[in-house]
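> fold the following for me, if possible:
(6 chains)
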Number of protein chains: 4
Amino acid sequence: MIVRIDPKSNIPLYEQIIQQVKEMCVKGILKPDDKLPSVRELSSSIVINPNTVSKAYQELERQGVIVTLRGKGTFVAEHQIQEATEKQVIAMKKELEKIIIECKYLGITIDEMNKWVQEIYREMREQADDRS
Amino acid sequence: MIVRIDPKSNIPLYEQIIQQVKEMCVKGILKPDDKLPSVRELSSSIVINPNTVSKAYQELERQGVIVTLRGKGTFVAEHQIQEATEKQVIAMKKELEKIIIECKYLGITIDEMNKWVQEIYREMREQADDRS
Amino acid sequence: MIVRIDPKSNIPLYEQIIQQVKEMCVKGILKPDDKLPSVRELSSSIVINPNTVSKAYQELERQGVIVTLRGKGTFVAEHQIQEATEKQVIAMKKELEKIIIECKYLGITIDEMNKWVQEIYREMREQADDRS
Amino acid sequence: MIVRIDPKSNIPLYEQIIQQVKEMCVKGILKPDDKLPSVRELSSSIVINPNTVSKAYQELERQGVIVTLRGKGTFVAEHQIQEATEKQVIAMKKELEKIIIECKYLGITIDEMNKWVQEIYREMREQADDRS
DNA sequence: GTGGTCTAGACCACA
DNA sequence: GTGGTCTAGACCACC
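Next up, the predicted model:
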């Protein structure tokens, strides 16, 4: 499992890890029951503090993305479809609106954005298929 | 101009102001040359520190959304479509991907997201038309 | 707000803080909008690391017990009645069963336990009334 | 003797075994002088490390729940009602309070909890009667 | 070996 | 002033 961290980003390191793990799960690069690198392994491989990795793993577990088996390690959980709460839906919508407004200012058209969405979705499907 | 701030949100107050001003500009609620409330007016109306409003205005001016004329006040700038740099495009794409992944985990389908995009765009057009 | 920590307990320090804050909220010692001591204040008053207090506060916020206002501090949230999920109900039931079994081994009768429950409940009501 | 282990639980495996054995004793599924499976038998049947089972058995013996007769095997001990020390009583009370507070936050009423207690007690009696 | 917790101390953004 | 993040390094329980 390859994780790429940008220490200059304003996104917290642990958040970057969370996002990448989720991305890999969605894209099928990580499949249920796959073992994640141990806290120490990952922290030394990307040269950050073990605590930071630990925090990321704990949050991922809280979200049900991974499970930790005592003394054995950390594993990708079974995919479970959650039911989004209304709050969460509103939040996502707001996020989307934010992006659209930003794109408008950057002169990016809705057509371009639609193309991106298709791309992203295609990538998710393809990679998932490759591995199944 | 009505600004709604949520002090409990994890989004910085000054960021919330920036977003709302930009949103109003894009939706046509604020038009070029419209006058914005002064820092003191706005800060007292939403009960936050004037420094926070000031910071928001400064950032908005830096982005070319508004202009301040010394002694006259702050006004909405002429809409100028920027040319997005490659970095910015990649950033927006990444943001979009992040949302899509998140929605996937929340059980929100791509169709629903597409509907949202249509909604948001329609809202932007309609309100802009009302005012033109 | 007085917090008592037992560093010898096998319960994590941050957990002890969480429990005590919740207890004080339920008993009415802490009321909505009351300000909690800052991370630094509390950590120095009970002589533990600020990170530990921070972790407790973050978890409390995640649970909706408290809210943090950026740069202002941490406050007791409005009481909101959650809807327990089935999983949570089963977990609580299991916990209760565990205690009952343990009590059985210790020769504690069900009548004694019932008395405890009454006591605990009375304490919660009384203190809440005192403050309202 | 059927033991069900959840490796994903945050409760240590050896603790889960202890709890289940005690539960079965209290419910009358296991009676004094009943033979328990050997460490190897149990460890292979629930697919965990023999050391873990061994640890559980040792702790159960320490608590006087079971006895091991060298060369013969492990057996359920005579039920002996202990005299609870004050420390233990306080600890159980605290545990109970913790649960009640938690339930309060989950919107579970005291009436519901009382029903649970009745249920649990009934189950303990019935199964004990079946076997006597 | 694994993850969980804690300390000591630092820097940063926010208000 | 506030909380949020991160590092460096330690100890512990569990398997």
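
> list of residues touching stretch A:52-62?
A:13-15, A:17-18, A:21-22, A:36, A:39, A:42-43, A:66-68, A:74 (CB atoms under 8 Å, 6 or more residues apart in numbering or on different chains). (C-beta placed from N, C-alpha, C; glycine too.)

> domain assignment for chain A?
What automatic domain parsing lists as the domains of chain A is A:13-76, A:86-131.

> coming back round to it: just give me the closest of the contacts of stretch A:52-62 to residue C:87.
residue A:67 (14.6 Å; CB to CB).

> the domains of chain A: lowest mean pLDDT?
Per-stretch mean pLDDT for those is lowest at domain A:86-131 (a mean of 87).

> and that one, how far out from the chain middle?
Relative to its chain's centre, domain A:86-131 lies at 15 Å (CA atoms, centre = their mean, to the nearest Å).

> is DNA strand E within reach of that domain?
No: on the criterion CB under 7 Å from any atom of the strand, domain A:86-131 is out of touch with DNA strand E, staying 15.0 Å away.

> just the buried residues of the contacts of stretch A:52-62.
Buried subset of the contacts of stretch A:52-62 (neighbour count, 16 or more other CB atoms under 10 Å in any protein chain shown): A:13-14, A:17-18, A:21-22, A:36, A:39, A:42-43, A:66-68, A:74.

> buried residues in the top helix by length along chain A?
Criterion DSSP state H: the longest helix present in chain A is helix A:110-131. Neighbour-count burial for helix A:110-131, counted by 16+ other CB under 10 Å, picks out A:113, A:116, A:117, A:120, A:124.

> remind me what it packs against, helices and strands.
Other elements packing on helix A:110-131 under the criterion 3 or more CB pairs under 8 Å, 6 or more residues apart in numbering or on different chains; DSSP states H and E are helix A:13-27, helix A:86-105, helix B:86-105, helix B:110-131.

> can you lay out these as a markdown table showing distance to residue B:27?
Shown next, in a markdown table, are the helices and strands packed on helix A:110-131 (distance: least, CB to CB, whole Å):
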| stretch | distance to residue B:27 |
| --- | --- |
| helix A:13-27 | 30 |
| helix A:86-105 | 9 |
| helix B:86-105 | 19 |
| helix B:110-131 | 4 |
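
> ok so, going back, in TSV: the domains of chain A, plus distance to residue C:57.
Output for the domains of chain A, formatted as TSV (distance: least, CB to CB, whole Å):
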stretch	distance to residue C:57
domain A:13-76	15
domain A:86-131	21
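
> any idea which of the ones you listed gets closest to residue B:104?
Across the domains of chain A, closest to residue B:104 is domain A:13-76 (CB to CB), at 5.4 Å.

> near chain D, which residues of chain A?
Within chain A, the residues that sit near chain D (CB under 8 Å from any CB of the partner chain) are A:67, A:69, A:70, A:72.

> specify which member of the residues you listed is nearest to residue D:107.
residue A:67 (27.4 Å).

> correct me, but that closest one touches residue A:36?
No: assessed by CB atoms under 8 Å, residue A:67 is found out of contact with residue A:36, at 10.1 Å.

> what do those two both touch?
A:74, A:75.

> for DNA strand F, give me its nearest residue in chain A.
Residue of chain A nearest DNA strand F, by CB to the nearest atom of the strand: residue A:71 (2.4 Å).

> give the contact list for that residue.
Contacts of residue A:71 (CB under 8 Å, 6+ apart): none.

> now do it against residue C:88, distance only.
Distance, residue A:71 to residue C:88, by CB to CB, to the nearest Å: 26 Å.

> ok, residue A:22 next?
For residue A:22 relative to residue C:88 (CB to CB), the value is 24 Å.

> could you report the neighbour count for the nearest residue in space to residue A:88 that is not next to it in sequence?
Nearest residue to residue A:88 in three dimensions, chain neighbours excluded: residue B:106, at 5.6 Å (CB to CB, 6 or more residues apart in numbering or on different chains). Residues contacting residue B:106 under the criterion other CB atoms under 10 Å in any protein chain shown number 16.

> correct me, but residue B:106 touches residue A:92?
Yes: the pair residue B:106 / residue A:92 is scored as a contact, 6.9 Å apart, by CB under 8 Å.

> what sits in contact with each of those two?
In terms of CB under 8 Å, 6+ apart, residue B:106 and residue A:92 are both contacted by the residues residue A:84.

> which residue lies farthest from the center of chain A?
residue A:107 (27.7 Å; CA atoms, centre = their mean).

> give me the element the residue of chain A closest to DNA strand F is part of.
Residue A:71 belongs to no helix or strand when elements are defined using DSSP states H and E.

> same check, this time on residue A:78
Using DSSP H and E, residue A:78 is not contained in any helix or strand.

> ok, now which ones touch it?
Residue A:78 neighbours (CB under 8 Å, 6+ apart): residue A:32.

> and stretch A:78-91, what's buried?
For stretch A:78-91, by 16+ other CB under 10 Å, it's A:84, A:88.
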